[in-house]
Every structure is written in structure tokens, then in C-alpha cells.
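Undergrad: Need a 3D model of the sequence below.
(one chain, ligands or ions: 1)
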Amino acid sequence: MAGLLVVIAVGFLLAAVSVVNTGLRLLHNYRLAKTIGAPIRIIPISPINPFWVLLDRRVLAFVRRLPFGDNSFTRYNWRGWEVEDRWRSHYEMGDIWVLVTPLKNWVYLNDPDAVMSVYRRGNEFTRPVFVSAVLDVFGPNISTAEGQRWKTQRRIATHCFNEANNKIVWSEAITLASDMLSYWTTKTSIRSSNEDLRTLSLHVLSRAAFGKSFKFEGADERDPASSPSGNYKQSLNTILENCVLILGLGTKVLSFPYLPRKLRGVYQAWLSFHAYMTNMYEDGKRAAAEGKATDDNNLMTLMVRASQEDPESLTESEIYGNMFAINFAGHDTTANTFTFALYFLAAHPEVQDWISEEIQSVLGDREPQDWDYRIDFPRLKRCLSVMYETMRLYTPSMIAPSYGAIHTDPRIWGKDPLAWRPSRWIKPAANQGGGDLEEYDMPPRGAFIGWSEGTRDCVGRKFSQVEFVATMAVLFRHWRVDPVVFPGETPEEARKRVVHLIETDSYAVLLLQMLHPERAPVVWRKA
Ligand code: HEM
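TA: Residues are numbered from 1 along each chain as shown. Below you'll find the model as predicted:
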């Protein structure tokens, strides 16, 4: 009994210390925020606190139902609120306001010039790398490194993701998308679009970044036990879903044999992905020792070469860290964008016709293996507009400053900022025919920051664009996608249901994604 009382007392004491500590930190950050002179909102829990991230939506759904449940806590204290709030907070408070949290103050900016000025002055406004610290599960990497260590990794990545590599992305995406389309068009309906698009994006990445080619396998064609990429993909998914947990508990704790099955599964995934990376690393070392791969400078070969030339420049743990970070940065981002885009397209048959018109005008009857990256990719502007428009509304990665607001502010985007309308990216006067006749209509610099800007912008921007456009060209040249019409529904109602699903089912897990895309099956038909 006495023991229990001591435990309870210690519990209370710790809780009291934590409350006082949080209060003091909030006070300190509030005073700092006041010096800026902008409107302030205060929230009691850091939105990137790993334990809070696991609970935020559930706790806030409950608090919202209470009297006085509508306040800054329920409005701002969860990951991804920016996508729901859009430009509204800025319209209430002006182009700059500050969110005070116990960890850091977040300054929200809604002016393209000011945003660009922040990005350009990278030395003064350093990127908050603590936000991406969850990616450190296998070691330090480009996303979380700073100073000289970041410079080395960035140099290697920039050297790897060049035009020669984009050409590989182009042809690999065309091959995989053609196989995916063949798979999809043999089915009466598809629930696995999201999973299949993830497979495609992972396989493109695996080939272009790590020199490993995998054939496309549809969701029900794969046996994870025997499929060479199945295990890799599954363990990567498990790790990505549980990054916060792995970092919070550490792999030592997770390796403990008597943990619940789910946690043991997470540890198994970590082991399996580590083994996969070790294999790749050993292959890379062998290739470098044999002097191979001089014309296929993939990331792996370049990292191995750099670490062999000077082990101080890139450590083994950084190689593992980067393999994982690139798998994350280059896979989930593109895959989630694909899924949003596919569902928007299914809900907008007129946009499918619009891009198909361009694809046919640019590529004619040429076989996919004859499509030329250098000549054809820049001409497929409508296809790229679909990507821009999707990322404008559903930006995969949370980016400081106010991406949610600046991407939808009616002052920049006109009267229909929340409508998904890819043609807004093409100049209206010449808006006919596709291909060379048309020009992009880009917003002012700083108004679209989906790949970020400045020295730490996305190193894989063009990589993802090439992959996206090549895939669109394959899918929509001769085929169209529709939502499956449920009993009692009209096709128009089915399309509205899909848009509603996008709007209500999107959530920032690590990145913004649809949680249940399988709830809206789709069907492919010949145009
Ligand atoms: C639709 C696809 C993509 C989107 C939306 C995207 C978005 C971004 C954003 C917003 C950042 C900056 C993150 C921050 O400031 O916190 C970033 C960084 C990065 N991205 Fe991407 N990305 C995409 C695809 C890719 C691909 C395909 C690769 C590689 C194959 C890649 C590799 C990276 C890397 C390595 C960084 C860190 C750069 C640094 O810190 O120096 N990304 N990305």
C-alpha cells in the first residue's frame, strides 16, 4: 500500500513539474513572440511532440465536443491543420502571425516576396531540421544534417540526381506504368490503386537511386515471402508508419522479446530493412572495387566512392541514414501525390480528355520505348500541371512557412482557389491543343512552395516531375479511369463521392496522404 502511494505521489510530482516547465517555456516563447509585433496564438503542446503526434486527432475530436471546445488548442494543436484551415487564419490576422508552442515559435507568412526573402537568406533563417529528426531511424542523413556534414551529402545527391539520371527515371517509369496499366485493365475494378502506385514509385526510385531494377507486381500478384521487392516494400512501409515509435523507444528497447506482437513486428521490419540496405551497400562496394558503374552514377555508387576516398566525408552510418531518407523522401511524397491526382482525375473526366489531347499531340502513335525524355518531357505541360495543381491543394510535406495559406489565397489564385483545376497553370489565350502551342502560367515565385525553395529545396524535384509525367502519359493516352458507381448512385454522384473522400480522408501521418483510398474503387476503360 505504501509502495502504491509512493508511485502515485511520484506520478503527481512528475506531472506537476512537467506542467510548470511547460508553463515557463510558453511564457518565455510568448515574450519572444511579442517582440515581433504580430498577432499571436498559443497552444499548450508542441505539435511535433512524438507522443502527442500519436494521439492528437483522437484527443482533439473529444475536446471539440466539450463546451468551449472551439479554441486555438483544437484549431492548431495537430499536424496538418494548415490543410484544413487554408488561408483563413491569415485573413483573420494578416500576412504574418505567430503560433507560440512550448518547444518553438512558428512564424506563419503569407506573402510570396517575404517567403522568398526567407528562403534566400538561408544563413539567417536556417531550416528547422528538428522537424525531420524522425527520419534519423537508421542514422544521420541529408534531411537532418547541418553545416559541413549537410554540404557533403547535398553535393553527392546533387551530383546523382542529374539529367542522365532523369532519363533513367523516364524510361523506368514508362516500363513500370505500362505493366501497371496492363494489370489494371484486366480487372473489373481496382481497390489497390494507392498500393500499386506506391510499388511503381518505389521501383523507379530503387532503379534510379540505387541501381536495382524490379518488375512491376500488382497488389494481388505479389507474395511478400518470395517477391524480391515485396519484403523491402513491406518493411519500409512498416518503418515509415512507425518512425516516431522507433525513434521514441529506440531499437534496443524494441528488440526486447516479450513486447506485444505489433512492436516485435516493427523491430522485425527494422532488421529486415537494415539487412536489405547492407546488401545494397555491399553490392555498391563491390561495384566500386571492380571499377563498375561509371556511366550509371547512382546515389549508392557515389556514396560508397565518397566514403572510400575519405571515410571522414561520409560515415557508414550516414550512408545507411541516407539510403533510408531517400527512400522516404523520394517514395512517399511522389506516391501520395499520384494517389491524390488519380482520384481527382477519376472525378474529372474532362481533365482526363484535356491531358489525353496533349499526350496524343506530343507522342502520336510512337511506341512508349521511342518516347524521348529530352524532347517529349518538356512538351507535356498539361500532365505536369496536373501534378502542380494536386500538390497545390494537397502538399505532401509540411513546409514552413504557410504553405496551406499561400497555396490557396484567393488574392493569388483567383475566385476558385479550392477547386482542383489544372488548366490554371496554362496560359488561357493559347489554351488549346496542348504541346508546343501552350505556355505555363506560373504564380509569383514564393506562392507555390511544394518542393520548397532556397538552398535546402528538394533535390528530387525534377526526378518526381519526370516520374509523374511519364506515368500520366502512359495511363491516359488511350485509357480513362472512372469511380465504380455504387448501387443507387449516378456517375455524377460517384464522382462527387470521390472528391468528398479526398477532402475528408486526408491526414498528415508523416506526410499528407489519403488514409482509405481503397474505399473508392475505380475502373479503367478504353477511350
Ligand atoms: C512529389 C514529390 C516530392 C515532393 C513534394 C518533395 C518535397 C520536398 C520538400 C518540401 C523538401 C524540403 C523539406 C523541408 O524543408 O523540410 C524536400 C527535400 C528533399 N527531397 Fe523532396 N520531394 C519530392 C520528391 C523527392 C524525390 C523523388 C527525391 C529523391 C529521389 C527527393 C529527395 C529530397 C531530399 C534528399 C531532400 C532534402 C534536401 C536537403 O535537405 O538538402 N524528393 N522535398
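
Undergrad: which residues does whatever residue of the chain ends up closest to the ligand contact?
TA: Using Cβ to the nearest ligand atom, the closest approach of the chain to the ligand is made by G460 at 2.1 Å. No exception for glycine: its C-beta is placed from N, CA and C like everyone else's. G460 is in contact with F161, I326, A329, G330, T333, counting by Cβ atoms under 8 Å, 6 or more residues apart in numbering.

Undergrad: could you check the distance from it over to P257?
TA: 39 Å (Cβ to Cβ, to the nearest Å).

Undergrad: Go ahead and report the secondary structure state at K462.
TA: Under DSSP: H, G, I helix; E, B strand; the rest coil, K462 falls in the helix class.

Undergrad: Pull the number of nearby residues for it.
TA: 17 (other Cβ atoms under 10 Å).

Undergrad: check which helix or strand covers the residue nearest to the spatial centre of the chain.
TA: With distances taken as Cα atoms, centre = their mean, the residue of the chain nearest its centroid is T333 (2.5 Å). T333 belongs to helix 316-347 when assigned by DSSP states H and E.

Undergrad: Name the next helix or strand downstream of that helix, please.
TA: Next element after helix 316-347 (DSSP H and E): helix 349-363.

Undergrad: Okay, buried residues for that following helix please.
TA: For helix 349-363, the neighbour count (16 or more other Cβ atoms under 10 Å) marks V351, Q352, W354, I355, S356, E357, E358, I359, Q360, S361, V362, L363 as buried.

Undergrad: thought the first one was touching L342?
TA: No. Under the criterion of Cβ atoms under 8 Å, V351 is not in contact with L342, lying 11.5 Å apart.

Undergrad: Spell out which residues of the protein are next to the ligand.
TA: Taking Cβ under 6 Å from any ligand atom as the contact definition, the chain meets the ligand at 127, 132, 142-143, 154, 157, 205, 209, 326, 329-330, 333-334, 337, 391, 396-397, 399, 450-452, 456, 458-460, 463-464.

Undergrad: So how do I select the buried members of the residues you listed in PyMOL?
TA: Listed next is the PyMOL selection for buried residues among the residues of the chain next to the ligand, using 16+ other Cβ under 10 Å:
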select buried, resi 127+132+142+143+157+205+209+326+329+330+333+334+337+391+396+397+399+450+451+452+456+458+459+460+463+464
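
Undergrad: was I right about the residue nearest to the centre of the chain contacting S464?
TA: Yes. When contacts are counted by Cβ under 8 Å, T333 is listed as touching S464 (6.6 Å).

Undergrad: quick one: low-confidence parts of the stretch 401-527 of the chain?
TA: 429-435 (pLDDT under 70).

Undergrad: Where do the strands of it begin and end?
TA: Using DSSP state E, counting those that start in this stretch, the strands of the stretch 401-527 of the chain run over 479-483, 506-508, 512-514, 522-526.

Undergrad: Single out the most deeply packed of those.
TA: strand 512-514 (a mean of 22; mean count of other Cβ atoms under 10 Å).

Undergrad: hmm, who's touching that strand?
TA: If you take Cβ under 8 Å, 6+ apart as the criterion, strand 512-514 is touched by 80, 83, 194, 332, 336, 339-340, 343, 394-398, 501-502, 505-507.

Undergrad: Now, of those, which are buried?
TA: Neighbour counting by 16+ other Cβ under 10 Å classes 80, 83, 194, 332, 336, 339-340, 343, 394-398, 501-502, 506-507 among these as buried.

Undergrad: coming back round to it: possible to save the strands of the stretch 401-527 of the chain as CSV with distance to K427?
TA: Formatted as CSV, those follow (distance: least, Cβ to Cβ, whole Å):
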stretch, distance to K427
strand 479-483, 26
strand 506-508, 30
strand 512-514, 29
strand 522-526, 31
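
Undergrad: Convert stretch 183-194 to PDB, retaining C-alpha atoms only.
TA: Provided in PDB are the C-alpha atoms of stretch 183-194 (Å, rounded to 0.1, in the frame of the first residue of the first chain):
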ATOM      1  CA  TYR A 183      -2.600  -5.200 -64.800                       C
ATOM      2  CA  TRP A 184      -5.300  -2.600 -64.000                       C
ATOM      3  CA  THR A 185      -7.100  -3.000 -67.300                       C
ATOM      4  CA  THR A 186      -7.600  -6.800 -66.800                       C
ATOM      5  CA  LYS A 187      -9.600  -6.100 -63.600                       C
ATOM      6  CA  THR A 188     -13.300  -5.300 -63.300                       C
ATOM      7  CA  SER A 189     -12.500  -2.800 -60.500                       C
ATOM      8  CA  ILE A 190      -9.400  -1.700 -58.600                       C
ATOM      9  CA  ARG A 191      -9.100  -1.000 -54.900                       C
ATOM     10  CA  SER A 192      -5.400  -1.100 -54.900                       C
ATOM     11  CA  SER A 193      -4.500   2.000 -56.900                       C
ATOM     12  CA  ASN A 194      -2.700   3.500 -54.000                       C
END
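
Undergrad: what comes up buried for that stretch?
TA: So, applying 16+ other Cβ under 10 Å, buried residues of stretch 183-194: Y183, W184, K187, I190, R191, S192, S193, N194.

Undergrad: pretty sure the fifth one is in contact with V523, am I right?
TA: When you say that, I think you mean R191. No. Contact between R191 and V523 fails when scored by Cβ under 8 Å: they sit 10.7 Å apart.

Undergrad: Chain neighbours aside, what residue packs nearest to V484?
TA: P521 (4.4 Å; Cβ to Cβ, 6 or more residues apart in numbering).

Undergrad: How about the secondary structure of L103?
TA: Following three-state DSSP, we place L103 in the coil state.

Undergrad: and it, what is it in contact with?
TA: Contacts of L103 (Cβ under 8 Å, 6+ apart): R25, S46, I48, N49.

Undergrad: Apply 6 Å and report the result again.
TA: Residues in contact with L103, defined by Cβ atoms under 6 Å, 6 or more residues apart in numbering, are S46.

Undergrad: Look up how far Y119 lies from it.
TA: 23 Å.

Undergrad: go on, F486?
TA: In terms of Cβ to Cβ, F486 sits 46 Å off from Y119.

Undergrad: So between the two, which is more surrounded?
TA: Per other Cβ under 10 Å, whichever of F486 and Y119 has more neighbours is Y119, with 20 against 11.

Undergrad: who touches A306 in this structure?
TA: I156, S313, L314.

Undergrad: no no, L302
TA: I156, H159, C160.

Undergrad: Can I get those residues in a markdown table including neighbour count, pLDDT and secondary structure?
TA: What follows is those, written out as a markdown table (neighbours: other Cβ atoms under 10 Å; pLDDT from 0 to 100; DSSP: H, G, I helix; E, B strand; the rest coil):
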| residue | neighbour count | pLDDT | secondary structure |
| --- | --- | --- | --- |
| I156 | 24 | 87 | helix |
| H159 | 13 | 85 | helix |
| C160 | 22 | 84 | helix |
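
Undergrad: ok, which stretches of the stretch 201-350 of the chain are helices?
TA: 230-241, 243-254, 261-289, 299-309, 316-347, 349-363 (DSSP state H, counting those that start in this stretch).

Undergrad: Just say which of the ones you listed is most tucked in.
TA: When the helices of the stretch 201-350 of the chain are compared using mean count of other Cβ under 10 Å, helix 316-347 is most buried, at a mean of 24.

Undergrad: State the mean pLDDT of it.
TA: Helix 316-347 shows a mean pLDDT of 92.

Undergrad: related to what we said a few turns ago, you'd agree the residue nearest to the centre of the chain is up against P396?
TA: Yes. The criterion here is Cβ atoms under 6 Å, and T333 meets it with P396 at 4.5 Å.
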